[in-house]
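A.B. asks: Give the three-dimensional model of this entry:
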Amino acid sequence: MYIFKNPGIGGEVIPHQDSTYLHSTPDPKVIGLWFALEDATTENGCLSFIPGSHTDELHTQWVRTSDGNPSMKLTKECKKFEDKSFVETPVSKGSAVLIDGLVVHRSDVNHSSAGRPIYTFHIFDQNNRFWDP
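C.D. replies: Residues are numbered from 1 along each chain as shown. The predicted structure follows:
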């Protein structure tokens, strides 16, 4: 995915675990690779993480519904997190950030006058693991 995060319209990304959306079975083992194409700062919406949250369980999962209306739903209500739990993580242009699929992370609104573009993709270990249908 290429994410623009343009000034003035680059909105907040709510707290989440990537394995909520990209789920493998029998256990969720997804890794995100997040590349900063410009400096990611506190002003333009850098990532924030809850340290140690990757050791917790998957809080909810986005699944297909059998009747197709709606076509997707969460298995349970998303967990709420306190703002003070998050640590902002500014990185320089060209940096790569590895994100465990279970770590809780978010990004704030872009309050700067410049964009904060990034490129990201996700991988998983296929050893005895499958994308969850």
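A.B. asks: How far does stretch 109-121 stretch from one end to the other?
C.D. replies: 21 Å (C-alpha to C-alpha, to the nearest Å).
A.B. asks: Give me the mean pLDDT for that stretch.
C.D. replies: Confidence for stretch 109-121, expressed as mean pLDDT, is 94.
A.B. asks: Just the residues contacting it, thanks.
C.D. replies: 1-12, 32-41, 43-46 (C-beta atoms under 8 Å, 6 or more residues apart in numbering). (Glycine included, C-beta is placed from N, CA and C.)
A.B. asks: how about low-confidence regions in this structure?
C.D. replies: Counting by pLDDT under 70, the chain contains low-confidence residues at 68, 132-133.
A.B. asks: again, only this time at 80
C.D. replies: Along the chain, segments meeting pLDDT under 80 span 10, 26-28, 64-70, 125-126, 129-133.
A.B. asks: Closest to the mean position in the protein, which residue would that be?
C.D. replies: Compute the mean C-alpha point of the chain, and by C-alpha atoms, centre = their mean the closest residue is residue 18, 4.7 Å away.
A.B. asks: Now residue 124, what are its backbone angles?
C.D. replies: phi -150, psi 160 (degrees, to the nearest 10).
A.B. asks: cool, and residue 83?
C.D. replies: When read as degrees, to the nearest 10, the backbone of residue 83 gives phi -60, psi -40.
A.B. asks: Please apply the same query to residue 32.
C.D. replies: For residue 32, the backbone dihedrals (degrees, to the nearest 10) come out as phi -100, psi 140.
A.B. asks: does it really touch residue 96, like I thought?
C.D. replies: No. Here residue 32 does not reach residue 96: they are 10.4 Å apart, not a contact under C-beta atoms under 8 Å.
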